[in-house]
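# coordinates only, sequence not included:
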């Protein structure tokens, strides 16, 4: 093969290889780049605000002051009613409702001691209620969130330092 033929073959190979390498690099970059987080809603979350007696209102206000600004990557959002007793985080919203009637549950129901607070979950695992505090707190974790108990645990800290234990069920061991 002559030098001219060799140079011509090298040029053709280069003209083919460079664009193929660039395309392969772009495809790899797109495939490996981290997924962009889905934008989360920031508007108010609709929540009811049932009336509270004076003691419940004072306890709930103290609790809401201790609520974090975010739970994991879920930012706190405003609520439509009861800002002194309700909180919401993320999209779809995890909600926290303080106050109301003491929960009733069967003595055979599973009680989950999570970070010093005892919780009972409804049959769907969506609604979690404290069962060992003088003022009950209900946390609702929407379907689609993995391991709802782990999300609920994020609220046990503020609850345990704000709301006095009372009516501790036999299935709940305090740490």
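That came through fine. Quantities reported herein were computed from a predicted structural model and do not represent experimental measurements. Numbering: from 1, shown residues only.

# How confident was the prediction at residue 56?
Looking at residue 56, its pLDDT reads 97.

# whoops, residue 1 was the one
pLDDT, read off for residue 1, is 64.

# quick one: the residue lying closest to residue 96 once chain neighbours are set aside and residue 120, what's the gap?
Leaving aside its chain neighbours, residue 96 sits nearest to residue 87 (4.3 Å; criterion: Cβ to Cβ, 6 or more residues apart in numbering). Where C-beta positions appear, they are placed from N, C-alpha and C, glycine not excepted. Between residue 87 and residue 120 the computed distance is 20 Å (Cβ to Cβ, to the nearest Å).

# Repeat that for residue 80.
From residue 80 over to residue 120 the distance is 27 Å, taken as Cβ to Cβ.

# Residue 64 looks like it's in a strand, true?
No: Residue 64: not assigned to a strand; according to DSSP: H, G, I helix; E, B strand; the rest coil it is helix.

# Pull the contacting residues for it.
The contact partners of residue 64, taken as Cβ atoms under 8 Å, 6 or more residues apart in numbering, are 83-87, 98.

# How many residues are close by residue 71?
19 (other Cβ atoms under 10 Å).

# Please parse the protein into its domains.
1-33, 54-162 (automatic domain parsing).

# how far out from the middle of the chain is the last one?
Right, the one you point to is domain 54-162. 11 Å (Cα atoms, centre = their mean, to the nearest Å).

# circling back: okay, residue 80 and residue 120: which has more neighbours?
residue 120 (21 against 14).

# So that one, which state does it fall into?
Using three-state DSSP, the structure places residue 120 in strand.

# so it makes contact with residue 128?
Yes: using Cβ atoms under 8 Å as the test, residue 120 is close enough to residue 128 to be in contact (7.2 Å).

# Mind listing the shared neighbours of those two?
Among the neighbours of residue 120, those also in contact with residue 128 (Cβ under 8 Å, 6+ apart) are residue 112.
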